[in-house]
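Student: Here is a sequence with its predicted model. Questions after.
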Amino acid sequence: MPERYTIGEAAKKLQVSTRTLRFYEEKDLVRPAYTEENGYRFYEKDQIRQLELILFLKELGFSLKQIKMLIQDEHGSQSLELLLKEQYQENQRKIDEISKKQAKIEHLQKIKLLPDVLTNYSGITDIMRKENRLSALRRKMIFWCILLILGELIGISLLYAFKVQMSVAVIGITVVGAIALAKYYYDHVEYVCPNCGDVFIPSFLAFNLAPHTPKFRKLTCPKCGKRSYCLEISRE
């Protein structure tokens, strides 16, 4: 006599509810091997294997409609291959979306927003918007810095081909270019004090002399007078 399971035993074996098995039966996914006159349902190994496959595919993200199509399809293996490819791409899209959200959360954690900013949702949105603009500004600065370095290298190479007196001109052009880039960047950024939340613009001299990280610059807040690492954001 083949091994059989009541609906309760099958549910326990598969770690699902009896309601789930009844639902699959209603959707014509897996029916019991037989049902006695008193209404008791019994499952055998074939039905258990089918249920295991359904639960596995469901865990991978397949819909019940897709699973039913696979089970009833004569060329199920080929259809499964196509659906696995589609589901992989869909899962990857979701992973990318979650990764972007995680990056934003990590960024907010690093910023260490003030309590009064956290109660002002428009303030958070404004800061994040300015952060995005700042990223674009930094990419532009990297491009111009590369051009400046290339120009300096070309100028140095020309020193060997022409008079040494040209070194003064090369150094002068390099210094002017560096100052121009620094001024351009300075004109497009402002800072958020982590102590009082004030948004301010330091002097050009303080801006250049202050220690800094990729996202923060150590400045003295003109409002509270405390010197600390202030968040760098883009100006309007």
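Tutor: Looks like it came in fine.

Student: Who does the helix or strand hosting Glu190 pair with, and is each partner parallel or antiparallel?
Tutor: Taking DSSP states H and E as the definition, Glu190 sits inside strand 189-192. According to DSSP bridges, strand 189-192 has the following sheet partners: strand 199-200 (antiparallel), strand 227-234 (antiparallel).

Student: Give the buried residues for that strand.
Tutor: The neighbour-count check on strand 189-192 (16 or more other CB atoms under 10 Å) flags 189-192 as buried. Heads up, the C-betas are built off the backbone N, CA and C, glycines and all.

Student: Can you dump the C-alpha atoms of it in PDB for me?
Tutor: Output of strand 189-192 as PDB, limited to C-alpha atoms (Å, rounded to 0.1, in the frame of the first residue of the first chain):
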ATOM      1  CA  VAL A 189      28.400  74.700  -2.300                       C
ATOM      2  CA  GLU A 190      27.200  75.600   1.200                       C
ATOM      3  CA  TYR A 191      27.300  73.800   4.500                       C
ATOM      4  CA  VAL A 192      25.000  72.500   7.200                       C
END
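
Student: which residues sit against it?
Tutor: Applying CB atoms under 8 Å, 6 or more residues apart in numbering, the contact partners of strand 189-192 are 127, 134, 137, 198-202, 217, 219, 230-235.

Student: Go through these and name the one nearest Leu60.
Tutor: The nearest member of the contacts of strand 189-192 to Leu60, counting by CB to CB, is Ile127 at 38.7 Å.

Student: measure the residue nearest the centre of the chain to Glu25 for me?
Tutor: Centroid-nearest residue in the chain, with CA atoms, centre = their mean: Lys100, separated by 1.7 Å. Going from Lys100 to Glu25 by CB to CB, to the nearest Å gives 41 Å.

Student: returning to what we had before: got the buried residues of strand 189-192 as CSV, with pLDDT columns?
Tutor: Output for the buried residues of strand 189-192, formatted as CSV (pLDDT from 0 to 100):
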residue, pLDDT
Val189, 86
Glu190, 86
Tyr191, 86
Val192, 83
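
Student: Any figure for the gap between Trp144 and Pro32?
Tutor: Trp144 is 72 Å from Pro32, by CB to CB.

Student: same question but for Ser203, I mixed them up
Tutor: Ser203 is 81 Å from Pro32, where distance means CB to CB.

Student: Could you check which of the two has the larger neighbour count?
Tutor: Pro32 (20 against 11; other CB atoms under 10 Å).
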